[in-house]
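S.K.: coordinates only, sequence not included:
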């Protein structure tokens, strides 16, 4: 299988679902839906819904059936970006080449658009029964996403990130932040399809794949910030060093960082059935070898 | 039955659950749980969890079994207060006699504490199966709460409230704001127990009770702002008129507002079995005759 072709198809499928979903929102003169749609339509790699679709592919679940879970993880990710960009947080004016939500709609609307996207993710999750998944699987998958998003996942990661910004961090502390900021949601993306079909063993294997994938993904971000090409990346490089930010290359040296990255890539594949894992492994390779 | 005694017991039960739940959160030097607990422990009437318990009482469901739903609606309500109080929103420095979350912990932490409380509500909802409710009921109840919280409920109400602050509103527009800001969550509180035991007829009857209760509750707020005693209320009166805010007394006159309130109280009871509705009706009477 051509994994690049699979990714193109998966991404187009996700885009189509997003446009249908966003298009069905009722608009009003002052509309939170407009602000929600603005941030969702900012593009991005749609990596998290692709992880959901890749896990579904591994388990032999048709893409159509997993639609609401794929949308839910993208909406949840988008909420976290909107809130992270707020003046009180990272205070970013630009994301993906466009003004951030609060620059366009004001802070109040940006906060509310994030709140509504987070909530919408759970509306979508609870509708997965319509695709024929057993209610007990839907409950487990929804709970998993909620835990990944909350005080023991995404929110904790952002709190730790804000607290650690101007501090020297140990390798352990840095990994803990990356786990919460990125890997926990990757784990949820990967395990949700297995939870929906009530396969706890595969949920564990896929969750582990997601954790290592997430940590590897963050390491590549760190490495590209040192050696990447700003034009290809679409963002400035060398910014971490300028901020004195704790990164893997800084803590381990570039060779040490690359070695640890290799370990995560190897560990990610542990327990996967190689006959079914072509898409999963292809996505991982693509993410690790990326220059974006 | 002495409804006042029932309310005291229910409120103490909710307090005990909250303290157990909050006490189990892992604390760290910089802890989002500390900010979450601060706002939850600000007290308040715990009206929404009492609505959940009252509906459970009506349906013959033991209080213990409904614990996670009672906590979920209170956490969700607390999130909405934290975010509504933010400088970008209503910019309130004090709530219930204490500094608001962002005054104590800073804006970033207040936003994150709200995000985490909203998310925690869904973690709790997905655990209701542990109390023996069927997964299909848990899914419906969780979906109901998500819809009540999101772009077609609480968030929409706050958007409309911010947009309408300095505008002349029609009675219809005012009712629509109150429905979204208050009544939709009351409807969810009342219908969740019926959805958990998969009784769609009672879910509808109780949801209607919740809608009329919520609208009546808002009307009493408006009326007390005109005729209430500031000391008893624990907050300033006459503030709506000062702001030129649209209220029921302003749109209908005081007599008209009281008449409409009476209609909602009557309509709320429609379809209820009077033999089982003592607690529900008592709570409604208490809320309508309150001076707080």
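M.R.: Good, I have the coordinates. Note that the structure is predicted; figures quoted are calculated from it, not measured.
S.K.: please count neighbours and contacts with C-alpha atoms only from this point.
M.R.: Fine.
S.K.: quick check, pLDDT for residue A:29.
M.R.: According to the prediction, residue A:29 has pLDDT 60.
S.K.: for residue A:292, same thing?
M.R.: 62.
S.K.: and residue A:136, by the same measure?
M.R.: 98.
S.K.: got the phi/psi numbers for it?
M.R.: phi -60, psi -40 (degrees, to the nearest 10).
S.K.: which residue packs closest to it, ignoring adjacent ones?
M.R.: Closest residue to residue A:136 apart from its sequence neighbours, by Cα to Cα, 6 or more residues apart in numbering or on different chains: residue B:135 at 5.0 Å.
S.K.: tell me who's in contact with the one you found.
M.R.: A:135-136, A:139, B:129 (Cα atoms under 8 Å, 6 or more residues apart in numbering or on different chains).
S.K.: helix or strand for the closest residue to chain B within the stretch 151-292 of chain A, which one?
M.R.: Closest to chain B within the stretch 151-292 of chain A is residue A:151: 5.3 Å, counting by Cα to the nearest Cα. Residue A:151 belongs to no helix or strand when assigned by DSSP states H and E.
S.K.: so it makes contact with residue B:34?
M.R.: No: with contact defined as Cα atoms under 8 Å, residue A:151 and residue B:34 do not form a contacting pair (10.9 Å).
S.K.: between the two, which is the more surrounded one?
M.R.: residue A:151 (27 against 19; other Cα atoms under 10 Å in any protein chain shown).
S.K.: okay, and for chain A, where does confidence drop off?
M.R.: Confidence mapping of chain A against pLDDT under 70 gives the ranges A:26-30, A:166, A:234, A:291-292.
S.K.: quick one, longest helix in it?
M.R.: helix A:200-227 (DSSP state H).
S.K.: one step back: tell me the two of the contacts of residue B:135 that are most distant?
M.R.: The most widely separated members of those, counting by Cα to Cα, are A:135 and B:129 (10.6 Å).
S.K.: in the longest helix of chain A, what's buried?
M.R.: Residues A:202-226 are the ones in helix A:200-227 that count as buried (16 or more other Cα atoms under 10 Å in any protein chain shown).
S.K.: can you check stretch A:92-101 too?
M.R.: Here stretch A:92-101 shows A:92-93, A:95, A:100-101 as buried, counting by 16+ other Cα under 10 Å.
S.K.: what's the answer for stretch A:142-156, then?
M.R.: In stretch A:142-156, counting by 16+ other Cα under 10 Å, buried: A:142-156.
S.K.: so residue A:111 is in which element?
M.R.: Going by DSSP H and E, residue A:111 is in helix A:107-125.
S.K.: how far away is the closest residue to residue A:107 other than its chain neighbours from residue B:71?
M.R.: Distances taken as Cα to Cα, 6+ apart place residue B:88 nearest to residue A:107, at 5.8 Å, with adjacent residues excluded. Using Cα to Cα, to the nearest Å, we find residue B:88 at a distance of 27 Å from residue B:71.
S.K.: top of the contacts of residue B:135 by neighbour count?
M.R.: The contacts of residue B:135, ranked by neighbours (other Cα under 10 Å): first place residue A:139, 29 neighbours.
S.K.: in chain A, which spans are strands?
M.R.: A:94-95, A:98-99 (DSSP state E).
S.K.: tabulate these (TSV), appending distance to residue A:194.
M.R.: Below are these laid out as TSV (distance: least, Cα to Cα, whole Å):
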stretch	distance to residue A:194
strand A:94-95	33
strand A:98-99	36
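S.K.: nearest to residue B:19, of those?
M.R.: Nearest to residue B:19, of the strands of chain A and by Cα to Cα, is strand A:94-95 at 40.7 Å.
S.K.: list the contacts of that closest one.
M.R.: residue A:100.
S.K.: let's go with 10 Å and repeat that
M.R.: A:39, A:42, A:44, A:81-82, A:85, A:100-101, A:103, A:235 (Cα atoms under 10 Å, 6 or more residues apart in numbering or on different chains).
S.K.: among these, which are in helices?
M.R.: A:39, A:81-82, A:85, A:101, A:103.
S.K.: residue boundaries of the helices in the stretch 151-292 of chain A?
M.R.: A:154-164, A:171-178, A:184-196, A:200-227, A:230-233, A:239-243, A:248-268, A:278-288 (DSSP state H, counting those that start in this stretch).
S.K.: output those helices in a markdown table; the columns should cover distance to chain B.
M.R.: Formatted as a markdown table, the helices of the stretch 151-292 of chain A follow (distance: least, Cα to the nearest Cα, whole Å):
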| stretch | distance to chain B |
| --- | --- |
| helix A:154-164 | 6 |
| helix A:171-178 | 13 |
| helix A:184-196 | 12 |
| helix A:200-227 | 17 |
| helix A:230-233 | 28 |
| helix A:239-243 | 20 |
| helix A:248-268 | 23 |
| helix A:278-288 | 28 |
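S.K.: residue B:281 is nearest to which of these?
M.R.: Here helix A:154-164 is closest among the helices of the stretch 151-292 of chain A (Cα to Cα), at 40.1 Å.
S.K.: sorry, back to before: and residue B:88 and residue B:71? Which one has more around it.
M.R.: The residue with more neighbours, out of residue B:88 and residue B:71, is residue B:71; 24 against 16, by other Cα under 10 Å.
S.K.: my guess is the more buried one meets residue B:128, correct?
M.R.: No: checked against Cα atoms under 10 Å, the pair residue B:71 and residue B:128 is beyond contact range at 11.2 Å.
S.K.: ok, residue A:81 touching residue A:93?
M.R.: No: using Cα under 10 Å, residue A:81 makes no contact with residue A:93, being 11.9 Å away.
S.K.: overlap in contacts of these two?
M.R.: A:100-101.
S.K.: residue A:158 contacts residue A:85, correct?
M.R.: No: using Cα under 10 Å, residue A:158 is not in contact with residue A:85, being 11.2 Å away.
S.K.: which one's more surrounded, these two?
M.R.: With neighbours defined as other Cα under 10 Å, residue A:158 and residue A:85 compare such that residue A:158 has more, 25 against 20.
S.K.: let me see the contact set for the more buried one.
M.R.: A:80, A:83-84, A:89-90, A:151, A:164, A:177-178, A:180-181, B:32, B:108-109, B:112.
S.K.: the closest residue to residue A:110 other than its chain neighbours - how many residues pack around it?
M.R.: The spatial neighbour of residue A:110 that comes closest, neighbours along the chain excluded (Cα to Cα, 6+ apart), is residue A:102 at 5.0 Å. The number of residues packed near residue A:102 is 22, by other Cα under 10 Å.
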